[in-house]
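Asks: I'll drop the sequence and a predicted model, then ask my questions.
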Amino acid sequence: MKALALLSALVFAACNAAVGGPSPTPVPVEKVTFIAGFKPQADLPFVAVYMAQEKGYFRDQSLEVEIQHATGGEHIQLLATDRVQFSTGSAGDVMKRVASAGVPIVSIAQIGQRDEQSFAVRADSPIRTLKDWEGRLVGYKSTVSADYLALLQLGGVDRSKVREVAVGFDPRVLVDGRVDVYPVFTANEPDTLARLGVPVRLFDPTSLGVPGLGLSFITNQQMVDTKSDVVARFLRASLRGLADAIVDRDAAIDVVMKYATGEDRAHQRYMLDTEIDAAQNDLTRANGIGAMDRSRYVALRDFLLQYGGLAKSVDVDAVFTDRFVKELYKDGRLVWR
């Protein structure tokens with residue numbers, strides 16, 4: 001508890017410390033739209049934006065932000081054509097979009113520092129190692145993923161002995177035994193399954209050495225090239241909102257529930273706690289949450305190429321930029337102005 005209190009104090013100090021000197025010259029209010037990549041819920045980048053809106057941080061940065069939510073993946077096309085200016089997506093998804101269609105989108109802050117997906121087995125399952133997947137029913141949601149193929153190789157698994165089946169997005173297939181292994185979003189379905197009376201154990205690709213990154217804030221190249229100050233202001237406000245969410249998670253969930261009406265509060269808290277944990281590592285402790293490491297993007301690209309996750313190679317420097325998070329932090333502390 002002392003460590004948590006210290007972390008909270010540091011984050012609070014980092015994001016509420018004002019920079020000394022004369023007041024900045026007012027800038028014209030800019031209207032922008034943020035579209036979350038999924039329904040309202042406690043995904044950490046969503047929470048950051050909800051909090052920044054609730055606390056007036058966007059207003060303080062001379063931004064008028066409209067918040068929308070995607071219903072079927074339309075956010076990428078809207079972002080690419082500048083009908084919205086900010087959104088969310090995993091680093092891998094950004095690479096795939098750029099590789100397959102040359103979509104001009106860019107990751108600007110890496111919030112999730114771990115792969116979002118794990119592979120769940122029931123807690124009482126005899127499956128203990130990757131090799132134990134042989135002879136078992138292993139589900140995939142829509143397509144066989146690169147991290148799944150990497151796990152098979154890491155575990156020395158003979159794929160011909162694995163019975164693969166498309167199961168969609170309903171985790172109850174693990175409850176009733178239709179599959180023995182089920183791919184889950186780590187911050188979501190494990191809690192859902194536990195609530196159904198089926199606790200699970202996870203095979204986590206990131207902890208097993210598979211390159212992976214989670215959700216990032218993304219924008220389009222036009223914004224980076226022509227309105228970099230707006231990008232910086234949006235991120236500054238959002239990252240301050242995220243820091244507040246870490247300090248007071250109950251208050252953050254209060255805000256989330258204003259958007260995620262009808263969702264289960266305890267489940268939203270599980271998501272928030274899990275994603276906060278996944279957003280922090282040695283890199284972020286030194287450089288601030290949202291920090292980016294080019295070598296990790298290179299490793300992710302090469303991994304996706306190796307396992308068929310990319311249609312063709314991409315220039316890493318075209319799919320991410322760390323210039324904004326580097327400018328926003330000093331000694332790992334968010335500079336607010």
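Replies: Thanks, I have it. Numbering: from 1, shown residues only.
Asks: so where do the helices sit in the stretch 201-337 of the chain?
Replies: Counting by DSSP state H, counting those that start in this stretch, the stretch 201-337 of the chain has helices at residues 221-226, 228-247, 249-259, 265-278, 282-287, 294-306, 316-319, 323-328.
Asks: name the helices or strands packed onto the shortest one?
Replies: Meaning helix 316-319. Taking 3 or more C-beta pairs under 8 Å, 6 or more residues apart in numbering; DSSP states H and E as the contact definition, the neighbouring helices and strands of helix 316-319 are helix 91-101, strand 105-110, helix 294-306. The C-beta positions use only the backbone N, C-alpha and C, and glycine is treated the same way.
Asks: ok, residues contacting the shortest one?
Replies: Meaning strand 105-110. 76, 79-80, 89, 91, 94, 97-98, 213-214, 216-221, 224, 231, 235, 238-239, 290-293, 318-321, 324-325 (C-beta atoms under 8 Å, 6 or more residues apart in numbering).
Asks: ditto for the first one
Replies: Applying C-beta under 8 Å, 6+ apart, the contact partners of helix 91-101 are 76, 89, 103-107, 110, 146, 212-214, 216, 218, 297, 300-301, 304, 309-314, 318-320.
Asks: just the angle for it relative to strand 105-110, thanks.
Replies: Orientation note: helix 91-101 sits at an angle of 170 degrees relative to strand 105-110 (axes from the mean of the first three to the mean of the last three C-alpha atoms, to 10 degrees).
Asks: how far away from the center of its chain is helix 91-101?
Replies: Offset of helix 91-101 from its chain centre (C-alpha atoms, centre = their mean, to the nearest Å): 15 Å.
Asks: now do the last one
Replies: Relative to the centre of its chain, helix 294-306 is centred 17 Å away, using C-alpha atoms, centre = their mean.
Asks: that helix versus strand 105-110: what angle between them?
Replies: Counting by the same axes, to 10 degrees, helix 294-306 points 130 degrees away from the direction of strand 105-110.
Asks: related to what we said a few turns ago, out of the contacts of helix 91-101, which end up buried?
Replies: 76, 89, 103-107, 110, 146, 212-214, 216, 218, 297, 300-301, 304, 309-310, 314, 319-320 (16 or more other C-beta atoms under 10 Å).
Asks: where's Leu305 relative to Ser295, distance?
Replies: As defined by C-beta to C-beta, to the nearest Å, Leu305 lies at a distance of 16 Å from Ser295.
Asks: my read: Gly214 touches Ala278, true?
Replies: Yes - applying C-beta atoms under 8 Å as the test, Gly214 and Ala278 come out as touching, 6.0 Å apart.
Asks: pull up the overlap in contacts between these two.
Replies: By C-beta under 8 Å, 6+ apart, the residues touching both Gly214 and Ala278 are Gly112, Gln113, Arg114.
Asks: how many neighbours does the first one have?
Replies: Pointing back at Gly112 there. 22 (other C-beta atoms under 10 Å).
Asks: one more: the last one?
Replies: Arg114 has 22 neighbouring residues, counting by other C-beta under 10 Å.
Asks: look up how far Val316 lies from Arg301.
Replies: In this structure, Arg301 and Val316 are separated by 6 Å, where distance is defined by C-beta to C-beta.
Asks: now swap in Thr129 and tell me
Replies: Thr129 sits 34 Å away from Val316 when distances are taken as C-beta to C-beta.
Asks: so Glu275 sits right up against Leu44, yeah?
Replies: Yes - using C-beta under 8 Å, Glu275 is in contact with Leu44, at 4.0 Å.
Asks: please enumerate the shared neighbours of those two.
Replies: Overlap between the neighbourhoods of Glu275 and Leu44 consists of Ile111, Gly112, taking contacts as C-beta under 8 Å, 6+ apart.
Asks: is it true that Thr71 touches Pro40?
Replies: No - Thr71 is beyond contact range of Pro40, at 11.1 Å (criterion: C-beta under 8 Å).
Asks: what sits in contact with each of these two?
Replies: Both Thr71 and Pro40 lack any common contacting residue under the criterion C-beta under 8 Å, 6+ apart.
Asks: and these two? which has more neighbours close in?
Replies: Neighbours per residue, other C-beta under 10 Å: of Thr71 and Pro40, the larger number sits with Pro40, 19 against 9.
Asks: distance of the spatially most central residue of the chain from Pro26?
Replies: Against the mean C-alpha coordinate of the chain, by C-alpha atoms, centre = their mean, the closest residue is Leu215 at 2.1 Å. For Leu215, the distance to Pro26 equals 33 Å [C-beta to C-beta].
Asks: tell me the most buried of the helices of the stretch 201-337 of the chain?
Replies: Burial among the helices of the stretch 201-337 of the chain, expressed as mean neighbours by mean count of other C-beta atoms under 10 Å, is greatest for helix 228-247, which shows a mean of 23.
Asks: and it, average pLDDT?
Replies: Averaging pLDDT along helix 228-247 yields 98.
Asks: how far does that helix sit from the chain's center?
Replies: 15 Å.
Asks: angle of it against helix 249-259?
Replies: Going by the same axes, to 10 degrees, helix 228-247 makes 120 degrees with helix 249-259.
Asks: report the buried residues of stretch 51-67.
Replies: Result for stretch 51-67 [16+ other C-beta under 10 Å]: buried residues Met51, Ala52, Gln53, Glu54, Lys55, Tyr57, Phe58, Gln61, Ser62, Leu63, Val65, Ile67.
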